[in-house]
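S.K.: With the input below, show me the fold.
(chains A and B)
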Amino acid sequence: MSKLGSLGARLHRGEVGYDFVGNRKIWYGISILITITAILGLAVRGLNMGIEFQGGAVFTTPKHMTVSVNQAETFAEDASGHDAIVQKLGDGSMRIQIAGIDTDKSDGIKSQLSKDLNVSSENIAADLVGPSWGDQVANKAWEGLAIFMVLVVIYLAIAFEWRMAAAALVALIHDITITTGIYALVGFEVTPGTVIGLLTILGYSLYDTVVVFDSLKEQTKDITKQTRWTFSDIANRSINSTLMRSINTTVVALLPVGALLFIGGGFLGAGMLNDISLSLFVGLAAGAYSSIFIATPLVADLKEAEPQMKALRKRVLAKRAQAAAEGEPAESHGTDTAYDDEPEDAAHAVVGPRTQPASRNRGRGRPSGKRR
Amino acid sequence: MSWPPARRSGARRPEREYEKVAAPKKGRSASAQSKPGRSLALILIAIVALTGGMFASGHTTPRLGIDLAGGTSITLRAVPEKGQESAINKTNMDTAVDIMNRRVNGLGVSEAEVQTQGDRNIIVNIPKGTNSEEARQQVGTTAKLYFRPVIATEASAGATPSTSPSASSSASGSPSSSTTPKATGSSSASSSVSPSDTATSQGRAVTDALKADATPSASASDSASSSASPSPSGSSATSDANAKLEAQYTALDCSKKSVQNTVGKSAKATESTVACGENDGVWFKYLLGPAAVDGTEVKKAQAIYNTTTAAGWQVTMDFTGSGSKKFADITGQLAKNTQPQNQFGIVLDGQVVSAPSVSSSIAGGSAEISGSFTQEEAQSLANMLSYGALPLTFKEDSVTTVTAALGGEQLHAGLIAGAIGLALVVIYLLIFYRGLSVIAIPSLLVSAMLTYVIMALLGPAIGFALNLPAVCGAIVAIGITADSFIVFFERIRDEIREGRTLRPAVERAWPRARRTILVSDFVSFLAAAVLFIVTVGKVQGFAFTLGLTTVLDVVVVFLFTKPLMTLLARRKFFANGHKWSGLDPKALGAKAPLRRTRRPHAPVDPKEA
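M.R.: Numbers count the residues shown, from 1 in each chain, chains lettered A, B, ... in the order given. This is a model prediction of the structure:
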């Protein structure tokens, strides 16, 4: 079976034990890199704001237009006196965008166009937008974003604790930055639909994070009463134990969005469906990534800074060192083979600090038969 | 290890363990679990009731928004006059909505809806099949209302044939008659003025004829029949400006649409101007003096049915302090003149909407306009008058016209996308959860059904209209809903991996899954609620669907998925972990229960404690 297939099987059995927290520096680095790229992209290229944000009109003609794109462009420019962008859509209809015209003048332009294009003006769909409308939508969206962030931080601080709230917020900002950055870099058009999609990411990205945190909270309830595991170890276990769910959820969320994107992009060519699903698609992927690789390791970092956790860490390390001194490496080996995968993480955590690829690989390579 | 050995042995005797663990420890879940049938019955009753309600109400499909059904949607933004920022308040916005609603629906569009959105936006939705342009004009006109004295008026050259019936009717009942001040029911010294330019409708002509006795005829200058009205400028037109205006008036052809919409728009209140006014399809041109009274000086205007004098529908106006003085002055002046110079034009945004004549000075701050209006006409005039009192102007922020074809296409595309999305999710669930799909798929379907029925019912109930973003929201919600099952199933699998048999596994997994589902759904709902309250336009529809489906998700998981799982856990197929049940302990890599004693299991402890 392919490597991917066996990974899938192992995932299915809940056996994957990747040291997310141990390798956090790598992922932090990657995220910082992506974020910087995104910010640079935003600064240098800027966002390609759609007609809704500049003011203007979008006319959509019926299907089966005989006029060529160039011709339509000329017609539109003559009728409006402004530059026009004409796209031919998948179903043969045309999308004519004219920026910078007043909503008052659009009627005249529409009737002129309908005459030129030889279609009844009733069959032309028009979307006229005043110059401030897009800003209004965007401003309201920002307002909503800010209110939501404050509320959700308060909620998470109450339901969990402030460290988790802070980490979730960082993850959220991370997702939104990445998504807008991708928009800037690729040059996708930003429309109110994009804004909607972006706002939905809010809920979704946090949704994922919350599930991991929930498991983390549960598992660390009595953490100070034992000396075997540090907070980071348990955080790692939480991620691993919810990994299957995270992957399934993300796939299940992406499937319908992907269908939307496919239909919106392939069938309709452009429009609301496409805009929403595109930003959702990008944002969901970023959200899944950030809740696993950013949010939880960040919580672990914040937690480990607590005196209590520091003390625990000391105790745990001391105990491990003691065990090692007593000539126990064999024990760790023994654990590894004698018990199943769950202690497997434990095994390499016991042997020592975070990165222990050898031990992990050994764990992975084991024939699964031994496990039962 | 917080787990006493007893429980481990219990794993082999599931019945007992289950009683021990689930019932006393997780009291809340106990009831749901012990009577899964009840929950299922509850949700089935709810579905049946809602579906029944849907069919009973006759709204079996959700009301479609403009972008799916076709039509025009106009978003207006209130712009306050300078220094009057506080004018954007709920009362004023509601008045504006009211006025616009009546104006739009006065066009014979009963389905048009006007509503506020956010704090300063008004959305006007006009379904397809109506004259959207006219409606746009109605709502889009900037409400600048002036009372200007009429200097001259006549039917425009090239008037449509409809002039002839009006001419004949006006011949019979001299409509430009001015009535003497009437003693109205109210004690205020109100006088009535009758509009001269409303003479052309048949119905009105009749009523005018009825009160012909009270009308000293001045029909020579009747605006409908006379083609050349005397120019009054001989006495006053000394300046060039007036002469110019005179020329403009002579050249003015109000029968052209382009002229109608542009003339007089830029007129300053303090200057004379020319304007057009329509009356039952006939356009008249007017030469008007400087504004005597500003529309904002109308305190209140309303249409009333005068029962005491049998005058029919009338419009009463109340002026503000300064307004009533000015109105008294102007009516005093006008009353001395002869037709048409005893008329004043009520000019709304450059167009004369009415031009009543005056017979005497009207003091006291209140006046009424009578003239055999129909109810709609009276109301429309009253609305226009009170509209002028709003210190707000409305700017078109966006106008979206969707043809029925495009709307249908978008709906179609949305439905296909939804179907594909649902199918993909179902396939994924089948592959991954095998037998558990027996629970997951019906749960998804129940959720979808409830969403549909509630949407259909919300249409008539709160005016919910399904628009494209809402469809997107519903499709995206498939993922959220499926996620709840995934959380639950994964928890059960976790328990099975730890060596439990299915029934205790389900009961132990549920309280934790429940908490996770509630917490994450709350976050999702919070996002939807904030978006719904704060944002404008299309975002709202999306947020609404998202919030609705999130709530439904909780309902379905609690009342359907969990009880069904409990029931099915009793089936051999699942309980024995059949290969295709999705709960095969072997496939999941479960541990043999006995091993657990020796396992270094510390981190799990707190989880279980």
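
S.K.: roughly how far apart are B:A569 and chain A?
M.R.: 20 Å (Cβ to the nearest Cβ, to the nearest Å). The C-beta positions use only the backbone N, C-alpha and C, and glycine is treated the same way.

S.K.: OK, contacts around that residue?
M.R.: B:502-503, B:506, B:575 (Cβ atoms under 8 Å, 6 or more residues apart in numbering or on different chains).

S.K.: nearest residue to the residue of the stretch 151-300 of chain A at minimum distance from chain B other than its sequence neighbours?
M.R.: Relative to chain B, the nearest point of the stretch 151-300 of chain A is A:P256 (2.8 Å; Cβ to the nearest Cβ). Of all residues not flanking A:P256 in the chain, B:G421 sits nearest, at 2.8 Å (Cβ to Cβ, 6 or more residues apart in numbering or on different chains).

S.K.: burial of the one you found, as a residue count?
M.R.: By the measure other Cβ atoms under 10 Å in any protein chain shown, the count of residues near B:G421 is 27.

S.K.: and what of B:I420?
M.R.: 18.

S.K.: Verify the stated contact: B:N121 with B:T75.
M.R.: Yes. Counting by Cβ atoms under 8 Å, B:N121 touches B:T75, with 5.9 Å between them.

S.K.: Neighbour count for the two, which is higher?
M.R.: B:T75 (27 against 21).

S.K.: pLDDT score assigned to B:V554?
M.R.: Here the pLDDT value assigned to B:V554 is 90.

S.K.: Stretch B:495-507 close to chain A?
M.R.: Yes. Using Cβ under 8 Å from any Cβ of the partner chain, stretch B:495-507 reaches chain A at B:R497.

S.K.: residue in chain B nearest to chain A?
M.R.: B:G421 (2.8 Å).

S.K.: so who does that residue touch?
M.R.: Taking Cβ under 8 Å, 6+ apart as the test, what B:G421 contacts is A:255-260, B:475, B:478.

S.K.: now B:V523
M.R.: A:152, A:155-156, A:203, A:206-207, A:210.

S.K.: and chain B, which of those residues contact it?
M.R.: Among the contacts of B:V523, proximity to chain B is found for A:152, A:155-156, A:203, A:206-207, A:210 (Cβ under 8 Å from any Cβ).

S.K.: Redo these as CSV? Include neighbour count, secondary structure and pLDDT.
M.R.: CSV is the format used below for those (neighbours: other Cβ atoms under 10 Å in any protein chain shown; DSSP: H, G, I helix; E, B strand; the rest coil; pLDDT from 0 to 100):
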residue, neighbour count, secondary structure, pLDDT
A:V152, 23, helix, 85
A:Y155, 18, helix, 87
A:L156, 24, helix, 86
A:G203, 28, helix, 73
A:L206, 29, helix, 79
A:Y207, 24, helix, 76
A:V210, 26, helix, 81
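
S.K.: could you redo the residues you listed as JSON lines and give each row distance to B:W283?
M.R.: Shown next, in JSON lines, are the ones next to chain B among the contacts of B:V523 (distance: Cβ to Cβ, whole Å):
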{"residue": "A:V152", "distance to B:W283": "59"}
{"residue": "A:Y155", "distance to B:W283": "62"}
{"residue": "A:L156", "distance to B:W283": "65"}
{"residue": "A:G203", "distance to B:W283": "55"}
{"residue": "A:L206", "distance to B:W283": "61"}
{"residue": "A:Y207", "distance to B:W283": "61"}
{"residue": "A:V210", "distance to B:W283": "65"}
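
S.K.: Can you tell me which of the contacts of B:V523 is closest to A:F53?
M.R.: A:G203 (23.9 Å; Cβ to Cβ).

S.K.: Which residues are in contact with that closest one?
M.R.: Residues near A:G203 by Cβ under 8 Å, 6+ apart: B:523-524, B:526-528, B:546.

S.K.: Quick check: phi and psi at B:P340.
M.R.: Backbone torsions of B:P340, given as degrees, to the nearest 10, read phi -90, psi 10.

S.K.: measure it to B:V358 for me?
M.R.: 11 Å (Cβ to Cβ, to the nearest Å).

S.K.: swap in A:L40?
M.R.: Following Cβ to Cβ, the distance that separates A:L40 from B:V358 is 72 Å.

S.K.: the more surrounded of the two?
M.R.: More neighbours surround B:V358 than the other of A:L40 and B:V358, with 27 against 13 (other Cβ under 10 Å).

S.K.: Determine which two of the contacts of B:A569 are furthest apart.
M.R.: It's B:V506 and B:A575 that sit farthest apart of these, by Cβ to Cβ, at 9.8 Å.

S.K.: mind listing which of the contacts of B:A569 are in helices?
M.R.: Among the contacts of B:A569, the residues falling in helices (DSSP state H) are B:502-503, B:506, B:575.

S.K.: tell me which residues in stretch A:220-239 are buried?
M.R.: A:220, A:223, A:226, A:228-239 (16 or more other Cβ atoms under 10 Å in any protein chain shown).

S.K.: Relative to the whole chain's centre, how far out is that stretch?
M.R.: 27 Å (Cα atoms, centre = their mean, to the nearest Å).

S.K.: touching chain B at all, that stretch?
M.R.: Yes. For stretch A:220-239 and chain B, the contact criterion (Cβ under 8 Å from any Cβ) is met by A:220-223, A:225-226, A:228-229, A:233-234, A:237.

S.K.: circling back: what about the contacts of A:G203, which one has the most neighbours?
M.R.: B:L546 (30 neighbours).

S.K.: Might you report the residue contacts of that residue?
M.R.: A:200, A:203, B:473, B:476-477, B:480, B:524, B:527-528, B:531 are the contacts of B:L546 under Cβ under 8 Å, 6+ apart.

S.K.: at 6 Å instead, please
M.R.: B:L546 is in contact with B:473, B:528, counting by Cβ atoms under 6 Å, 6 or more residues apart in numbering or on different chains.

S.K.: about what we covered before: between the ones next to chain B among the contacts of B:V523, which is nearest A:N123?
M.R.: The closest of the ones next to chain B among the contacts of B:V523, once distances to A:N123 are taken by Cβ to Cβ, is A:G203, at 38.4 Å.

S.K.: in what helix or strand does B:L526 lie?
M.R.: Applying DSSP states H and E as the criterion places B:L526 in helix B:502-534.

S.K.: buried ones in that helix?
M.R.: Those would be B:502-514, B:516-532, B:534, for helix B:502-534 by 16+ other Cβ under 10 Å.

S.K.: Surely B:F394 is in a strand?
M.R.: Yes. The assignment for B:F394 (DSSP: H, G, I helix; E, B strand; the rest coil) places it in a strand.

S.K.: So B:E154: helix, strand or coil?
M.R.: strand.

S.K.: quick one: contacts of the helix or strand containing B:K325?
M.R.: Using DSSP H and E, B:K325 sits in helix B:321-336. For helix B:321-336, contacts defined as Cβ under 6 Å, 6+ apart pick out B:149, B:292-293, B:297, B:319, B:342, B:344, B:358-363, B:365.

S.K.: Considering those, which is situated nearest to B:Y428?
M.R.: Among those, and counting by Cβ to Cβ, the member closest to B:Y428 is B:E297, at 67.9 Å.
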